[in-house]
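>>> sequence and predicted structure, then a few things I'm wondering about:
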Number of protein chains: 2
Amino acid sequence: MSKAITSRNEDYSQWYNDLIIKAGLADYSAVRGCMVIKPYGYALWENMQQVLDKKFKDTGHENAYFPLFVPKSLFEAEEKNAEGFAKECAVVTHYRLKNDPSNPGKLIVDPEAKLEEELVVRPTSEAIIWNTYKKWIQSYRDLPILINQWANVVRWEMRTRLFLRTTEFLWQEGHTAHATQEEAIHETKQMINIYASFAEDWMALPVIQGVKSASERFAGAEDTYTIEALMQDGKALQAGTSHFLGQNFAKAFDVTFINKENKSELVWATSWGVSTRLIGALVMAHSDDQGLVLPPKLAPIQVVIVPIYKGEESKPVIDAKATEILNALKAKNIKAKYDANENNRPGWKFAEYEMKGIPVRIAIGLKDIENNVVEVARRDTKTKEAMPIDGIANTIENLLDEIQQSIFQKAQEFQTTHITAVNSWEEFVEVLDTTTGFISAHWDGTADTENQIKEKTKATIRCIPLGNPLEDGHCILSGKPSTQRVLFARAY
Amino acid sequence: MSKAITSRNEDYSQWYNDLIIKAGLADYSAVRGCMVIKPYGYALWENMQQVLDKKFKDTGHENAYFPLFVPKSLFEAEEKNAEGFAKECAVVTHYRLKNDPSNPGKLIVDPEAKLEEELVVRPTSEAIIWNTYKKWIQSYRDLPILINQWANVVRWEMRTRLFLRTTEFLWQEGHTAHATQEEAIHETKQMINIYASFAEDWMALPVIQGVKSASERFAGAEDTYTIEALMQDGKALQAGTSHFLGQNFAKAFDVTFINKENKSELVWATSWGVSTRLIGALVMAHSDDQGLVLPPKLAPIQVVIVPIYKGEESKPVIDAKATEILNALKAKNIKAKYDANENNRPGWKFAEYEMKGIPVRIAIGLKDIENNVVEVARRDTKTKEAMPIDGIANTIENLLDEIQQSIFQKAQEFQTTHITAVNSWEEFVEVLDTTTGFISAHWDGTADTENQIKEKTKATIRCIPLGNPLEDGHCILSGKPSTQRVLFARAY
């Protein structure tokens, strides 16, 4: 099987699809818009989960699990939320199949097993969760509730892309309940901060934190905080969101509590989530025409050792030394693999591990051992260097740190050079098509103008950055007065 | 809120439900037959997952994720499997809701968004997985495939019980593909062994390993291996199964490989799973009328320290000493909690932590500190003892081991005294209603007799134990000759 993939310049979108498939991260499935997450892709997700889960628990959250199905009457209770998701809901209407009388061996839906009330497959869980919180919350002593769940959700998307937008996807969704508005807003901000530090420190992905415009908000939220990242083609990707839900769900589900003054009040809510979409972001941000480039801190395999055998008698010598190095790496908790498989040639292995984005490759032959060195290749820069075997585990440990930093800095530089301030519509349109990336521009604050810009250019307001400086100006489209710039981009 | 629960003698079934709710393991939901797994219950599941996941990975398995939905045409491909699950399938027929024109603010299923092919919500994933394996397997080099997935599944059960039988449940399902029958059978046995050692070493739950009779087999399997445990009411509970699927799914999905002799062969399969049902088993096996009794190795909190304040000035002294003990315990990776909440009295806390099954409770007051001791209470035996503060972390560490052993031994003794050999129908019926537990009896090997016994007594064949000795005898019901005894019981 040829491992060549389409180059980014030729067709960025095809490059991405090729890469996901050839690197073994995921595969298409028989179900429209759903994918199979293969072991290598799932290992990446597990690494992400582990880090995020710890961050959630360190900030006082607990995991729980709520039903997959939402009865239609609950789903429609919070009207804006329902309206936002109604068009993409998979709906269970029956609970039994039966033999097809006219077609032996085939099954049909049993018309007698029709549900009295249809069940929506959760596109998000606010409804089912707030209907439950109602039972759990009586007094201020029951607050806050700080719960997260790791789950699958289904949104019937018309156009799907592996990892980036699939009908079913895996995610975590936090749902918290608070006694005060301040506390809920603090939680919302805390979680977007956690997502930002995860993206930057672990995924090596610089992000911009900001607030969504009203029309880009989560359906049912008062405010949506977002982290926005840039991909190599200059398009933006929303990588995580945290919503201040106000009292909207408390109103819809009648969730009140008795405060310290013995008065009844509505409960304040937040929700926040990241999904397997992050894997798509990781791939698109760092990888190249030879395959994946993975940040060492999330790579399922950080170091691969490849023996360069020269005749049968070289095998035991090389195997012994390689195993020694392997064990030294493992002793430092470095995820290392020794690939002594003789069915594949070293060149094949080099290409394979490049495709899979293993951050460091060590090649070891007889001559190397004589010289007490190994050849160390970096996946990110594709540089090779002979390095002494003495202290190799320390060397590699430092190198992995250096690679992590270096991947981040490269992405950071890309981001810095792809935020362009413009002051006119002409500039805006030109930068969108040439420089690409984020465009910082004045906007009159109306949904109407926002929509017109989207229709004309497919660019959307990605966010109003946190701590955005106030600055008088004029909307690039309407010319009306504006008090601050916002970030536009074409986005995934 | 009163914490009293129904006693086991009064109503075992009600005791169980009360306990699950009052201990905060789970709650009922608005969806028929589905439950909410609350943080304390989910923490138990996470602990189980962590241990099992490591055992799977240590034996070469990798995690992956396959779609929630199975197109009907794939679902029906393996006829026996389809027949076995058809009657309990939730079916998605539509992918959109729309506003109800006659009822503002309400939604209806959009009749124009009917799926061409219905989607079954997976009751188990053989179909979708083997349809995928077909693409992944060409040559013997592609084998074995050793994949596990952690997922939710849905089976539309008519009678549900918290954890034991719910419409949606969480589980892991392993799906492996092999080049030879021997290798697949070896895998099937290996996995039932892993389940057995997990049940015994971690859940403190003695189990009997065996093979199911033909009529109790998994739909589509050639052989089903099972671990069977006894609950305190003398009923059996199937705690995990591992299936040798032969070439049934390979035939249904046309999955062949080219062997080393360059000939095409059908692939051999296994599947195996355990679910959140294990939490029900854990609760039913060990708990008592005061609440949960959890084995220390799986308890989310292993030790709770409760201060016995006497006047304001005692607080700093007690808090300081308690924190010292807490830290010493944590330094040994013991999951300990200090509950210094002044809103609740010690008596309330004692009852609460008894209900939650915390294995060890340490009470500490001023006098204790003066005497350099603490009061240590065991949840399983309800014994209390003053123990020296010096070396307390070591003492507790050993005590937790002792409790783990002790809980297992108690359950083991219960099992030993609840396996009764009988030689006649009269004895069989009597033991079933008096001694309860497993009944070891001769059976003529026919499904007909097995069914008659089930209809007459509700007892089923739980398994033919592994390594069962051959012994000539006569079937307890039909009187026909038999070559071995099998284990009957009433079961959950």
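Yes, it's here.

>>> residues in contact with A:Thr483?
Listed by Cβ atoms under 8 Å, 6 or more residues apart in numbering or on different chains, the contact set of A:Thr483 reads A:Leu470, A:Glu471, A:Asp472, A:Gly473. In short, each C-beta sits where N, CA and C put it, glycine included.

>>> if you could redo that for A:Glu342, that was the one I meant.
By Cβ under 8 Å, 6+ apart, A:Glu342 lies in contact with A:Tyr309.

>>> what helix or strand is it on?
Applying DSSP states H and E as the criterion places A:Glu342 outside every helix and strand.

>>> need the per-residue pLDDT for A:Asp18.
The confidence metric pLDDT takes the value 97 at A:Asp18.

>>> and A:Ser102, how many neighbours does it have?
Using other Cβ atoms under 10 Å in any protein chain shown, A:Ser102 has 7 other residues around it.

>>> quick check: closest non-adjacent residue to A:Glu157.
Nearest non-adjacent residue to A:Glu157, counting by Cβ to Cβ, 6 or more residues apart in numbering or on different chains: A:Arg165, 5.3 Å away.

>>> ditto for A:Ala340
If the residues on either side of it in the chain are set aside, A:Ala340 comes closest to A:Pro307, at 5.7 Å by Cβ to Cβ, 6+ apart.

>>> ditto for A:His61
Beyond its immediate neighbours in the sequence, the residue positioned closest to A:His61 (Cβ to Cβ, 6+ apart) is A:Leu146, lying 4.5 Å away.

>>> one step back: what bridges to the residue nearest to A:Ala340?
A:Ile364 (DSSP bridges).

>>> quick check: of the contacts of A:Thr483, which has the highest neighbour count?
A:Gly473 (15 neighbours).

>>> pLDDT score for it?
If you check A:Gly473, the pLDDT there is 97.

>>> repeat that for A:Ser2.
We have a pLDDT of 51 for A:Ser2.

>>> returning to what we had before: let's have the contacts of A:Thr483 in JSON lines, adding secondary structure and distance to B:Asp380.
Shown next, in JSON lines, are these (DSSP: H, G, I helix; E, B strand; the rest coil; distance: Cβ to Cβ, whole Å):
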{"residue": "A:Leu470", "secondary structure": "coil", "distance to B:Asp380": "65"}
{"residue": "A:Glu471", "secondary structure": "coil", "distance to B:Asp380": "68"}
{"residue": "A:Asp472", "secondary structure": "coil", "distance to B:Asp380": "72"}
{"residue": "A:Gly473", "secondary structure": "strand", "distance to B:Asp380": "71"}
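
>>> by contact count, what packs against the helix or strand hosting the residue nearest to A:His61?
Using DSSP H and E, A:Leu146 maps to strand A:145-154. Packed against strand A:145-154, as judged by 3 or more Cβ pairs under 8 Å, 6 or more residues apart in numbering or on different chains; DSSP states H and E, are the following elements: helix A:39-58, strand A:62-63, helix A:126-136, strand A:168-178, strand B:145-154.

>>> any chance of those in JSON lines, plus mean neighbour count and distance to B:Val70?
Converted to JSON lines, those look like this (neighbours: other Cβ atoms under 10 Å in any protein chain shown; distance: least, Cβ to Cβ, whole Å):
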{"stretch": "helix A:39-58", "mean neighbour count": "18", "distance to B:Val70": "19"}
{"stretch": "strand A:62-63", "mean neighbour count": "18", "distance to B:Val70": "27"}
{"stretch": "helix A:126-136", "mean neighbour count": "24", "distance to B:Val70": "23"}
{"stretch": "strand A:168-178", "mean neighbour count": "23", "distance to B:Val70": "12"}
{"stretch": "strand B:145-154", "mean neighbour count": "21", "distance to B:Val70": "11"}
